[in-house]
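Asker: whatever this is, show me its structure:
(one chain, ligands or ions: 1)
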Amino acid sequence: MASSVGVYVHIPFCTRICPYCDFAVEAAGDASAWQAREEAYVQALLAELALRQPRFAGRALASLYFGGGTPSLFRPDSLARIREAVEAAFVPAAEPLEITLEVNPSSVERERLPGFRSEAGVNRLSVGIQSFDDSLLKALGRGHGADASRQTWEAARRAGFENLSLDLIFAALHQTEAGLEADLAEALAAEPEHVSCYELVYEPGTPFGRAAAEGRLAPYSEEGSADMAERIEDRLGAAGYARYELTNYARPGYEAVHNRRYWQRRPVLALGVGAHSTDPPDAARPHGARHANPRMRAAWQEAVASGRWPLGEEEVLSQGDAMAEACFLGLRCAEGLDEAAFQAEFGISPRAQFGEAIARFLEEGLLEARGPHALRLTRRGRMLADTVCAEFV
Ligand code: SF4
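Answerer: Numbers count the residues shown, from 1 in each chain. The predicted model follows:
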């Protein structure tokens, strides 16, 4: 996989903007202008692909991920055009291509599910259910209710999707332990192949972030959210889902190919407004680089239309940056930090580079050895992962 690439396509439109959302998003807006907006955005994505593909040229295409925003607002034929262009830009991989689409539960998207599969070639759906509690969904400002989620899930199975991921939120607003238990029970009854569990974060600059800063909303305590995270690990683990990354659980063989690329620091070409790429190393950048596209659609579209690489920010990684990334991303995953691979890549062992922090975390029971050459978080370490990972940055 050394010479592979994953492609992420960001589609920023949503029917409404959730008050906790910190992604690069915008309201889909006036229905009469929607068709033209969708077409212009597809054209811009294709232009950006042509501009940026050369840096990833010759690589085998390992994954394609349509994220957002709400990419399922686009028609299947629009996604099919993007998929065809992406496939044509790279070498086919030996493994079947994972093509993921994020879907929100709504009637419009439900009707398109067969087309997403047959026409766009999508073979994995990530369904933004969040909760089966209508009062919590309403308080979160979501545009759907639990019944819409159930209908979308059933429609996805009827359409033939055999790889479904279910998104759940926790430590959210008035959610209780009993409410989380009910969500987990219904999620498990739906028999997903994959579950992603995200803690509600009160991001600065969002309405929820402002409300929390002004004392109008009270985030969960660190202890309260850690208790919920433990409960999730216990319930999903008992049902056969491995916590292969801090926020992600899967049945054997259903770990997300695309998402793993980020934690394994493999190249990802990210297209669209606000999209973040992981560029491969080359002679000028031996440790690779990170690119973030502009978050404003007008700026991104204008740059693409004029044939300029739509750079918002570029960060060329130093060896120190890359070593820190290798540690905290490795520790997020169940396999842990591979000390031999670290030594081979950087010419120094992680214990020599981060000796004091690693020794302390081992002593405090937050890290443990996994076999002779790897370190991983303990159960307690997983609950305090932010604190542990921050030491390496
Ligand atoms: S649906 Fe998702 S991407 Fe869109 S505003 Fe809500 S949280 Fe953000």
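Asker: mind listing what's buried in the longest helix out of those in the chain?
Answerer: Longest helix in the chain, counting residues (DSSP state H): helix 34-52. Buried positions in helix 34-52, judged by neighbour count with 16 or more other CB atoms under 10 Å: 38, 41-42, 44-49, 51-52. C-beta: built from backbone N, CA, C; applies to glycine.
Asker: switch those residues over to TSV; also include pLDDT.
Answerer: What follows is these, written out as TSV (pLDDT from 0 to 100):
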residue	pLDDT
E38	95
Y41	96
V42	97
A44	95
L45	97
L46	96
A47	94
E48	95
L49	96
L51	92
R52	92
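Asker: ok, so of those, who is nearest E111?
Answerer: The shortest distance between E111 and any of the buried residues of helix 34-52, using CB to CB, involves E38 and amounts to 16.2 Å.
Asker: residues contacting that closest one?
Answerer: Taking CB atoms under 8 Å, 6 or more residues apart in numbering, we find E38 in contact with 73-75, 78.
Asker: out of these, which is nearest to the ligand?
Answerer: Here the nearest of those to the ligand, counting by CB to the nearest ligand atom, is L73; it sits at 9.8 Å.
Asker: tell me how many other residues crowd that closest one.
Answerer: Residue neighbour count, defined by other CB atoms under 10 Å, stands at 21 for L73.
Asker: all numbers from here: first residue = 27
Answerer: Right, with 27 as the first residue, what we last looked at is L99.
Asker: dihedrals phi and psi, it?
Answerer: According to degrees, to the nearest 10, the main-chain angles of L99 amount to phi -70, psi -20.
Asker: kindly report the same for E128.
Answerer: phi -80, psi 130.
Asker: on that earlier part again, and the helix or strand following the longest helix of the chain, what does it pack against?
Answerer: Following helix 60-78 in sequence order, the next helix or strand is strand 86-94 (DSSP states H and E). Here strand 86-94 is seen to pack against strand 30-37, helix 102-115, strand 117-118, strand 124-129, helix 283-289 when contacts are counted using 3 or more CB pairs under 8 Å, 6 or more residues apart in numbering; DSSP states H and E.
Asker: show me what the third one is in contact with.
Answerer: Meaning strand 117-118. Where contact means CB under 8 Å, 6+ apart, the residues beyond strand 117-118 that reach it are 84-87.
Asker: which positions within stretch 152-167 qualify as buried?
Answerer: For stretch 152-167, the neighbour count (16+ other CB under 10 Å) marks 152-159, 162-163, 165-166 as buried.
Asker: might you list the low-confidence residue ranges for the stretch 27-176 of the chain?
Answerer: 27-28, 133 (pLDDT under 70).
Asker: what residues does it put near the ligand?
Answerer: Taking CB under 6 Å from any ligand atom as the criterion, the stretch 27-176 of the chain approaches the ligand at residues 40, 43-44, 47, 49, 51, 94-96, 130.
Asker: name the nearest of these relative to A395.
Answerer: Proximity of those to A395 (CB to CB) peaks at F49, which lies at 37.3 Å.
Asker: before we move on, back to that, helices - which of the buried residues of stretch 152-167 land there?
Answerer: Per DSSP H, helices hold the following members of the buried residues of stretch 152-167: 162-163, 165.
Asker: closest to the ligand among those?
Answerer: Each of those was scored against the ligand by CB to the nearest ligand atom, and L163 proved nearest at 11.1 Å.
Asker: let's have the buried residues of stretch 152-167 in TSV, adding distance to L243.
Answerer: Shown next, in TSV, are the buried residues of stretch 152-167 (distance: CB to CB, whole Å):
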residue	distance to L243
S152	27
V153	26
G154	21
I155	22
Q156	17
S157	17
F158	22
D159	17
L162	13
L163	16
A165	10
L166	11
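Asker: and these, which two are furthest apart?
Answerer: Spatial extent of the buried residues of stretch 152-167 (CB to CB) is set by the pair S152 and A165 at 22.6 Å.
Asker: element containing A213, please.
Answerer: For A213, the element it lies in under DSSP H and E is helix 203-215.
Asker: and stretch 321-339 with the ligand, contact?
Answerer: No: when contact is scored as CB under 6 Å from any ligand atom, no part of stretch 321-339 falls within range of the ligand; the minimum is 13.1 Å.
Asker: buried residues in that stretch, which are they?
Answerer: Here stretch 321-339 shows 321, 323, 326-327, 329-330, 336, 338 as buried, counting by 16+ other CB under 10 Å.
Asker: only alpha carbons, please: show it as PDB.
Answerer: Only the C-alpha atoms of stretch 321-339 are listed here, as PDB (Å, rounded to 0.1, in the frame of the first residue of the first chain):
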ATOM      1  CA  ARG A 321     -13.300  27.200   3.800                       C
ATOM      2  CA  MET A 322     -15.200  29.700   1.700                       C
ATOM      3  CA  ARG A 323     -16.800  28.300  -1.400                       C
ATOM      4  CA  ALA A 324     -16.400  31.500  -3.400                       C
ATOM      5  CA  ALA A 325     -12.600  31.600  -2.700                       C
ATOM      6  CA  TRP A 326     -12.100  27.900  -3.500                       C
ATOM      7  CA  GLN A 327     -14.300  28.000  -6.700                       C
ATOM      8  CA  GLU A 328     -12.600  31.100  -7.900                       C
ATOM      9  CA  ALA A 329      -9.100  29.600  -7.500                       C
ATOM     10  CA  VAL A 330     -10.100  26.400  -9.200                       C
ATOM     11  CA  ALA A 331     -11.800  28.200 -12.100                       C
ATOM     12  CA  SER A 332      -8.600  30.300 -12.700                       C
ATOM     13  CA  GLY A 333      -6.400  27.200 -12.700                       C
ATOM     14  CA  ARG A 334      -4.700  28.000  -9.500                       C
ATOM     15  CA  TRP A 335      -4.100  25.300  -6.900                       C
ATOM     16  CA  PRO A 336      -6.800  26.200  -4.300                       C
ATOM     17  CA  LEU A 337      -4.400  26.400  -1.300                       C
ATOM     18  CA  GLY A 338      -5.800  27.700   1.900                       C
ATOM     19  CA  GLU A 339      -3.000  26.600   4.200                       C
END
